[in-house]
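In: need a structure here:
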Amino acid sequence: MRTVISILAVLFLCTLVSGQGSITFSFNIGNQPEWGPTGYDYVEYYYMPEIEVYYYVSERRFFYFENGRWIGAFSLPLRYRHYNLFSTYKIILNERAPYKNHTANRSRYAAYRAHRNQSVIRDSRDEKYFINKNHPEHLKWKKKRSTNRPEWEEKQPRSRERK
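Out: Prediction:
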């Protein structure tokens, strides 16, 4: 009986250790908008304190408060049609539905409403941002990448057999 308990304890501890030892890397630079700030390999939401709007990167949707509820849309409402997304400060929030905590976010990030010192993906010269399809260097980067592939990675020409 003592041996069985010892074996079960060891198995339980191994399960705990292996569960804690897993590391997940996630990147979504290519999905981030060109007006998104540099320095982040993964972003779920941007919060723009100046206009109190959230942007969900994976769905490319804005969330804003209107008529007593949160609206999700693919573009900003008309009242922000002249708003420059490149110049406003964006807060990165990697949590689920951060607009549900809007009162706390508004007070926590109110000091950033007037900030204009954030570099954006479009203006970056860091090659890791060239993967973004809207980056001005994307096509050059893609062409360079396709011509500089290692020999083992290049596509072999297909042979055409006639019957």
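In: going along the chain, name the strands of this structure.
Out: 45-48, 53-56, 61-66, 69-73, 91-93 (DSSP state E).
In: the longest one pairs with which strands, and in what direction?
Out: Pairing partners of strand 61-66, with direction, according to DSSP bridges: strand 53-56 (antiparallel), strand 69-73 (antiparallel).
In: for those, which one sits closest to Y129?
Out: strand 53-56 (17.4 Å; Cβ to Cβ). Every residue, glycine included, has its C-beta placed from N, CA and C.
In: centre of the chain to that closest one, how far?
Out: Centre-to-centre, strand 53-56 and its host chain are 12 Å apart (Cα atoms, centre = their mean, to the nearest Å).
In: what does stretch 134-147 give?
Out: 20 Å.
In: may I see the buried residues of that stretch?
Out: Under the neighbour-count criterion of 16 or more other Cβ atoms under 10 Å, stretch 134-147 has 135, 138, 141 buried.
In: now stretch 131-143: average pLDDT?
Out: For stretch 131-143, the mean per-residue pLDDT is 80.
In: now do the contacts for R116.
Out: Going by Cβ atoms under 8 Å, 6 or more residues apart in numbering, R116 touches 87-89.
In: returning to what we had before: tell me the one of the buried residues of stretch 134-147 nearest A114?
Out: H135 (27.4 Å).
In: the closest one contacts V120, correct?
Out: No - using Cβ atoms under 8 Å, H135 is not in contact with V120; the gap is 10.2 Å.
In: quick check: neighbours shared by the two?
Out: E34.
In: which parts of the protein are helices?
Out: 2-20, 102-108, 138-147 (DSSP state H).
In: quick check: beta-bridge partners of L93?
Out: Beta-bridge partners, per DSSP bridges, of L93: Y45.
In: for it, grab the count of nearby residues.
Out: L93 has 20 neighbours, counted by other Cβ atoms under 10 Å.
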